[in-house]
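In: no FASTA, just this:
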């Protein structure tokens, strides 16, 4: 009886990737090296250098040697620094909520406008960003100029007593906030408008079928869906509030007195007028930590709402 030959299983071998393919993969990472070098030069090195400066003493702009934590201790006991922080917080607490409310209202109204008028309004909203910050401050300084400014002329036309906007503490702060409205409401309006236009239509159609009025649709549908967009707008606005400088410097110079000397102006005064880069570096790091803390809170809140 013939014995059938056993069928041997075919042995297959994994094909190793060609060295040429590996070289192509490595070439991708080689192309990223210039970007990482640029990142180190423009971001990492300044931070490391500034941190090193916080432990150096300075006199007339020149380092005098290592002083340890003396700069940190001096800044934590510096009343003027904390006063400037308080002014910045007060300015932010007053300006940002009002800007958000007005921006949301404008975006809701604009979302109902179409055609050429809508395009013209969107163009007008972009105009404040075309003007340089330094020039914005000069323009608004001329507007609030005593006796010759547009603000005084409008007050006289309405039968009101002219206000010395830039000569009093409250007037100067109010003038800066008004200028801030002109700068930031259009920007926030465009962000919120983009968020509104990206909202799905199905929830609103279902709410109309259920008989919900406009206010109910806004509170129950629009605001919850728009929460992420509003969070982004708040984060951008808070960051700018802590670094506002050019327009305030050219408008009030931080005055009268120190009424509008916000954090950025105070740090610039310490660094360039007093030439004390050590204390200025410490103040910058404190501002950085405060901003990082606030942005982290907003981020955690937005992530929790998203879930």
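Out: Structure's in. What do you need? Quick caveat, the model's predicted, so the values are computed rather than measured.

In: alpha carbons only for contacts and neighbour counts from here, please
Out: Fine.

In: show me where pLDDT drops low in the stretch 201-307 of the chain?
Out: Within the stretch 201-307 of the chain, the set of residues satisfying pLDDT under 70 comprises 305-307.

In: try 80 this time
Out: 298-299, 301-307 (pLDDT under 80).

In: which residue ranges of it form strands?
Out: Assigned strands in the stretch 201-307 of the chain: none (criterion: DSSP state E, counting those that start in this stretch).

In: contacts for stretch 73-86, please.
Out: Contact partners of stretch 73-86, identified using Cα atoms under 8 Å, 6 or more residues apart in numbering, comprise 261-263, 266, 279, 282-283.

In: could you break the protein into its assigned domains?
Out: Domain segmentation of the chain under automatic domain parsing yields 28-71, 80-306.

In: just send those back as a markdown table, with mean neighbour count too.
Out: Compiled in a markdown table, the domains of the chain are given as follows (neighbours: other Cα atoms under 10 Å):
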| stretch | mean neighbour count |
| --- | --- |
| domain 28-71 | 14 |
| domain 80-306 | 17 |
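
In: tell me the two of the contacts of stretch 73-86 that are most distant?
Out: 261 and 282 (17.8 Å; Cα to Cα).

In: all helices for the stretch 201-307 of the chain, in order.
Out: 202-209, 214-217, 223-225, 227-243, 246-251, 263-268, 277-306 (DSSP state H, counting those that start in this stretch).

In: tabulate those (JSON lines), appending distance to residue 93.
Out: Output for the helices of the stretch 201-307 of the chain, formatted as JSON lines (distance: least, Cα to Cα, whole Å):
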{"stretch": "helix 202-209", "distance to residue 93": "33"}
{"stretch": "helix 214-217", "distance to residue 93": "26"}
{"stretch": "helix 223-225", "distance to residue 93": "21"}
{"stretch": "helix 227-243", "distance to residue 93": "10"}
{"stretch": "helix 246-251", "distance to residue 93": "17"}
{"stretch": "helix 263-268", "distance to residue 93": "15"}
{"stretch": "helix 277-306", "distance to residue 93": "13"}
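
In: which one of those lies nearest to residue 103?
Out: Of all the helices of the stretch 201-307 of the chain, helix 227-243 comes closest under Cα to Cα, at 10.2 Å.

In: what about the closest one, distance to the chain center?
Out: Relative to its parent chain, helix 227-243 has a centroid offset of 5 Å by Cα atoms, centre = their mean, to the nearest Å.

In: stretch 296-306 now?
Out: Computed by Cα atoms, centre = their mean, the chain-centroid distance of stretch 296-306 equals 17 Å.

In: repeat that for stretch 74-81.
Out: For stretch 74-81, the separation from the chain centroid amounts to 25 Å (computed by Cα atoms, centre = their mean).

In: kindly report the same for stretch 134-142.
Out: With Cα atoms, centre = their mean, you get 21 Å for stretch 134-142.

In: what pLDDT, on average, does it get?
Out: Computed over stretch 134-142, the mean pLDDT rounds to 88.

In: what lies in contact with it?
Out: Outside stretch 134-142, the residues within contact range by Cα under 8 Å, 6+ apart are 149-150, 179, 246-252.

In: now render these as JSON lines, adding distance to residue 81.
Out: Formatted as JSON lines, the contacts of stretch 134-142 follow (distance: Cα to Cα, whole Å):
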{"residue": "149", "distance to residue 81": "33"}
{"residue": "150", "distance to residue 81": "34"}
{"residue": "179", "distance to residue 81": "24"}
{"residue": "246", "distance to residue 81": "19"}
{"residue": "247", "distance to residue 81": "20"}
{"residue": "248", "distance to residue 81": "17"}
{"residue": "249", "distance to residue 81": "17"}
{"residue": "250", "distance to residue 81": "21"}
{"residue": "251", "distance to residue 81": "21"}
{"residue": "252", "distance to residue 81": "19"}
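
In: for those residues, name the two members farthest from one another.
Out: 150 and 246 (21.9 Å).
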